[in-house]
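**Student:** pasting the sequence and the predicted coordinates here, then a few questions.
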Amino acid sequence: MRGEGTEFSDIDLVVVFPALERAWRESFTVDEFPVEAFIHDPQTLAHYLHQDAESGCPIMVNMVATGSIVGPDIERARLIQAKAASVLAAGPKPLDGPSYDMLRYQVTDLADDLRGHRPPEEIAAIAADLYQKLADLMLLGRGAWAGRGKWAPRLLRELDVELAADFDAAFRLAVQGDGARFLALADRELAVHGGRFFDGFRQEAPLEARRLE
């Protein structure tokens with residue numbers, strides 16, 4: 001529908017009932033065409049739209065905001081879509097708090113793994129793990145939504161073509177065993193956020209994280 005599909009693309013289908021005991025997702029094939037269905041009522045859908053806004057990665061928000069409406073209650077669907085579109089237009093909340101600390105720590109930790117002399121296959125594995133976290137820091141740190149999988153490079157290109165090209169070139173070298181350029185890119189991005197974040201990082205386990213033997 002967006003003109004971005006391939007021969008292996010599927011349809012994301014958001015179905016909204018008046019009321020459900022719980023939401024669920026389900027995958028199936030119709031006439032050899034794959035469909036991923038997300039089944040909701042207004043309250044469960046509102047929960048996941050809010051969750052997207054909090055996470056900075058608007059998966060459900062984007063599906064609802066950019067989807068084509070079908071079904072008997074067009075006006076109600078338009079209200080839901082307008083709400084999702086307003087969330088999308090507002091952008092993610094500013095990076096702060098524990099999730100920001102965790103992201104900075106993860107990028108720092110993985111970047112440090114790239115500093116040492118390692119076999120090419122280890123460099124490639126570290127770069128693959130760093131890819132999503134560094135992309136998140138770049139996008140969210142500039143007030144843009146983050147994206148998972150194929151959406152990360154798309155959103156980077158929308159944000160800054162030159163930055164996206166530099167990111168892609170550095171990552172391609174890293175998966176071939178040369179992590180120097182990807183490490184330099186991570187260090188430059190960390191510098192925007194106060195530099196490496198290791199000393200002082202703390203993550204507390206939940207109180208219920210114990211088991212009596």
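**Tutor:** All right, it came through fine. Numbering: from 1, shown residues only.

**Student:** please report how far the nearest residue to Val192 once chain neighbours are set aside lies from Met102.
**Tutor:** In space, and not counting its chain neighbours, Val192 is closest to Gly141: 6.4 Å by Cβ to Cβ, 6 or more residues apart in numbering. Using the backbone N, CA and C atoms, a C-beta is placed for each residue, glycine as well. Gly141 is 14 Å from Met102, where distance means Cβ to Cβ, to the nearest Å.

**Student:** for my notes, confirm Pro94 occurs in a helix.
**Tutor:** No. The assignment for Pro94, made by DSSP: H, G, I helix; E, B strand; the rest coil, is coil rather than a helix.

**Student:** which residues touch it?
**Tutor:** Gly143 (Cβ atoms under 8 Å, 6 or more residues apart in numbering).

**Student:** can you list phi and psi of it for me?
**Tutor:** phi -60, psi 150 (degrees, to the nearest 10).

**Student:** so where's the protein shaky on pLDDT?
**Tutor:** 1-2, 4-5 (pLDDT under 70).

**Student:** which residue ranges make up the domains of it?
**Tutor:** Domains of the chain are assigned by automatic domain parsing as 11-90, 97-192.

**Student:** please name whichever of these is nearest to Leu207.
**Tutor:** Closest approach to Leu207 among these (Cβ to Cβ): domain 97-192, 15.9 Å.

**Student:** I'd say Ala128 and Arg172 touch.
**Tutor:** No. Counting by Cβ atoms under 8 Å, Ala128 does not reach Arg172; the two are 11.8 Å apart.

**Student:** and the contacts of stretch 8-20?
**Tutor:** For stretch 8-20, the surrounding residues in contact (Cβ under 8 Å, 6+ apart) are 33-42, 44-45, 60, 63-64, 67, 77, 80.

**Student:** out of those, which are buried?
**Tutor:** With burial judged by 16 or more other Cβ atoms under 10 Å, the buried subset of the contacts of stretch 8-20 is Phe38, Ile39, His40, Asp41, Thr44, Leu45, Met60, Met63, Val64, Gly67, Ala77, Ile80.
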